[in-house]
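J.: next input, structure requested:
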Amino acid sequence: MPWWRLPSAVSVRSWSTPLTKSRVDTTFSAMDKSAQNNTNPETTAGVERRASATPSEKTACEETKLDPILKHSKEPSVASAALLDEKQLTCTSSGSDLEAQNGSTPTAGSCDEFSIHDLTQKRLGFLRYTALNVYRRLFSIAFVGNAIAFVIVMVKGATALDLVNAAAVNLAVCGLCRQPLVVNALFLAVCAVPRTAPIRLRRLACKLFHIGGVHSGTGIAAVVWYIGFAAVYTHLYVPSPLATAALVLIWLVLAFLLAIVIVAYPSFRFKRHDIFELTHRFSNWAILLCFWALVFVLGHQEPSLSYFLLHLPAFWILILITLATIHPWVLLRRVAVVPEHLSPHAVRLHFNHTKVCFGQGVSIAKHPLRDWHSFASFTDRFDTPDTKFSCLVSKAGDWTRGAIKDQPTHLWVRGIPTYGFGYVLRMFPKIIVVTTGSGIGPCLSFIDDPNRPEMRVIWQTKAPLQTYGARTLDLVRRMDSDPVIMDSSVTGRVNMLPIILKLYREFGAEAVAIISNVKMTKSLVFDLESRGIPALGPIFDS
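T.: Sure thing, here's the model as predicted:
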C-alpha cells in the first residue's frame, strides 16, 4: 500500500514533457516538513520507513512517478499531485498582470519549450470581454429596450396604469431571474445542448449564468417605469382620503426601490454585503406589502373593485411575484449539521436533510432573518456515507470565521438546491478546472456526475494537506488522477496562465473553468477569452 506523504514541491522535468507524463523529484526533507501536522499513525509510520530507507531504495523511488500519496483509513488513497519546479512556476506573461492577480511580484523566468505568445490576444479584446462582456450586454439589452419603450409611451401620452403595469412586468422578470425553480428550469433546458453541437452554440449556451444581467437590467428599468408612474399620478393628484393614501404608498414603494438600487451598486455591495442583503430582502417584502395595499386603494377609487382587479395586469403579476417570493421561505427549516474540522482555515459541513445533484448549491444561515450564504455542494457517498452532501467553508469573513470557530451543529436552510455556474460545464467533453484556495470546494461537485466531462485540475493553495486534509485531496484525485497542485507556501504565488495554456493544448480541452477570488477570476477569464479560449468563471453579481 503506498505510504507517500504529500511533497512540498514536485518538479516537471521540461515543458516539452507532457504534464500527464511528469516525473517527480521526491524531496524527502520537504515531504517530512509538509507532513508535520498529520497525525494518521499508519501514514506517519510510512514517512518514518521512507526516512530510514537505504540509498538504493531512495534511488529506486526517485525513478518512479508519484502514485497515490495519501492513505485514508477506509480505502486506498486516490490523491496525487504534480507540482511545477521553480523555473517553470515563474514563467511570466505580458498579457497578465501578476501583481494584480496574486498580490505579489513573481520572480522573472522564461519557458524554454512553450510561450504564451503562441496564442495571441484578439484585437479589441478588452472591449469585447470586459467593457462589453455578456453580463453587460444582457443588462444593456434589457435596460435600453425598456428605455426606448418608455420614451415612446411617454411621448404618446401614457396613463398611470400603463406605467405601473410596465413596472410590474419588469419587476416580475427581475425577481424570477433569482427564483430557484425558474433558475433550475433554465439550467436544465439550456444545458441540454448536446456535446456534438457546434462549439459556437455551446459557448453561447454556457453563458446562461450571466442571467444576472437581465436581473439587473429589468430591475433598473422597473424603477424608471415606476418613477414615471409616480410622476404622472402626482401630477394628476386630486386631494381625497383614498388619493392621499395612494400617493403615500406610491412614494413609499419608490423609496424602497431606490434603496435597493443604491445598495446594489457593485462597490458598495462588495464592501457592505450584509447591509446589501438585508436591505434587499426587507425592502422587497415592504414593496410587496405596500404594492398590495396600493392596488386595493386604487381599486376602491373605481366603480367596481373586482372589475378593476381582474382587468389590471399588475394585479396578476403581483400574485406571481408574491408566490415566487414566498416559495423558498415555505421550505425554511432548521437542520442538523455534522462539522468536520479541517484546520484553523477551513471546515467541512456535512448535511443529511436532502440530496443534491452535480452543480447545485444550498443557502444556509445561523439565523433565518440575518445574512444568508450560498455554498456549492458535493456528495458524501465516496468518503462519508452516513451523510448525503457537504459544503467546504473557508475563512473569508465574519460568518465563515465564526463557522470554523464555533463548529455549528444546526443551521437554517431555505428553498431547494439550485443549479449554478458549474452545471454549464457538462456541455464540453474536455475541460481544464483552475482554482485557488477553497475554490476547490465547488469543483468537487464534479465527482458525482456520471456524465461529467474529462478534466484536468490545476489547484494553487497554501499547504493543501494541512489546510484541507487528506480526504479532500482524495476527492480531488477522483476528478483528475494526476492533478497539478501548487503549494504556495513553498513556491510563492504563481502566474498560472502559462500552465493553463500548456495543459489546455496538451489535453485538447474545449473550455477552462476558473474558480478563484474576484480579481484572479476576472484576470484569467479575460486572458483566456481574449486568446480565443472558452473560459468561464463566476461573475460575483449577488
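
J.: ok, the nearest residue to Ala264 once chain neighbours are set aside to Leu163 distance?
T.: Distances taken as C-beta to C-beta, 6 or more residues apart in numbering place Phe276 nearest to Ala264, at 6.5 Å, with adjacent residues excluded. Placement of C-beta: from N, CA and C, glycine included. Distance, Phe276 to Leu163, using C-beta to C-beta, to the nearest Å: 28 Å.

J.: OK, contacts around Gly469?
T.: Going by C-beta atoms under 8 Å, 6 or more residues apart in numbering, Gly469 touches 342-343, 348.

J.: sketch out the low-pLDDT regions of the stretch 101-250 of the chain for me.
T.: By pLDDT under 70, the weakly predicted segments of the stretch 101-250 of the chain are 101-125.

J.: can you give me the helices for it?
T.: Assigned by DSSP state H, counting those that start in this stretch, the helices in the stretch 101-250 of the chain fall at 125-126, 134-156, 160-176, 180-190, 199-205, 212-235, 241-263.

J.: the strands in the protein, which residues?
T.: 333-343, 346-351, 360-365, 373-376, 378-379, 389-394, 410-413, 418-419, 430-436, 454-461, 484-487, 511-515, 535-536 (DSSP state E).

J.: mean neighbour count and distance to His300 added to those, as a markdown table?
T.: Formatted as a markdown table, these follow (neighbours: other C-beta atoms under 10 Å; distance: least, C-beta to C-beta, whole Å):
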| stretch | mean neighbour count | distance to His300 |
| --- | --- | --- |
| strand 333-343 | 15 | 39 |
| strand 346-351 | 22 | 49 |
| strand 360-365 | 20 | 39 |
| strand 373-376 | 18 | 42 |
| strand 378-379 | 24 | 54 |
| strand 389-394 | 24 | 49 |
| strand 410-413 | 17 | 39 |
| strand 418-419 | 22 | 40 |
| strand 430-436 | 25 | 58 |
| strand 454-461 | 22 | 61 |
| strand 484-487 | 26 | 67 |
| strand 511-515 | 26 | 53 |
| strand 535-536 | 24 | 52 |
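
J.: domain-wise, how is the chain divided?
T.: Annotated domains of the chain cover 68-118+426-536, 126-330, 333-414 [automatic domain parsing].

J.: the ones you listed: which one's closest to Gly420?
T.: Among the domains of the chain, the nearest to Gly420 by C-beta to C-beta is domain 333-414 (5.3 Å).

J.: mean confidence (pLDDT) on that closest one, please.
T.: Domain 333-414 shows a mean pLDDT of 92.

J.: repeat that for stretch 493-513.
T.: 93.

J.: so how far does it reach from one end to the other?
T.: The straight-line separation of the ends of stretch 493-513 (C-alpha to C-alpha, to the nearest Å) is 19 Å.

J.: and it, how far from the chain's centre?
T.: Centre-to-centre, stretch 493-513 and its host chain are 20 Å apart (C-alpha atoms, centre = their mean, to the nearest Å).

J.: as a markdown table, the strands of the chain with distance to Ala192 would be great.
T.: Shown next, in a markdown table, are the strands of the chain (distance: least, C-beta to C-beta, whole Å):
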| stretch | distance to Ala192 |
| --- | --- |
| strand 333-343 | 31 |
| strand 346-351 | 28 |
| strand 360-365 | 16 |
| strand 373-376 | 21 |
| strand 378-379 | 22 |
| strand 389-394 | 24 |
| strand 410-413 | 28 |
| strand 418-419 | 12 |
| strand 430-436 | 18 |
| strand 454-461 | 20 |
| strand 484-487 | 32 |
| strand 511-515 | 17 |
| strand 535-536 | 18 |
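
J.: ok so, going back, single out the most deeply packed of the domains of the chain.
T.: Of all the domains of the chain, domain 68-118+426-536 carries the top mean neighbour count, a mean of 20, counting by mean count of other C-beta atoms under 10 Å.

J.: does Ile431 really touch Ile515, like I thought?
T.: No: look at Ile431 against Ile515 with C-beta atoms under 8 Å: they stay out of range, at 11.9 Å.
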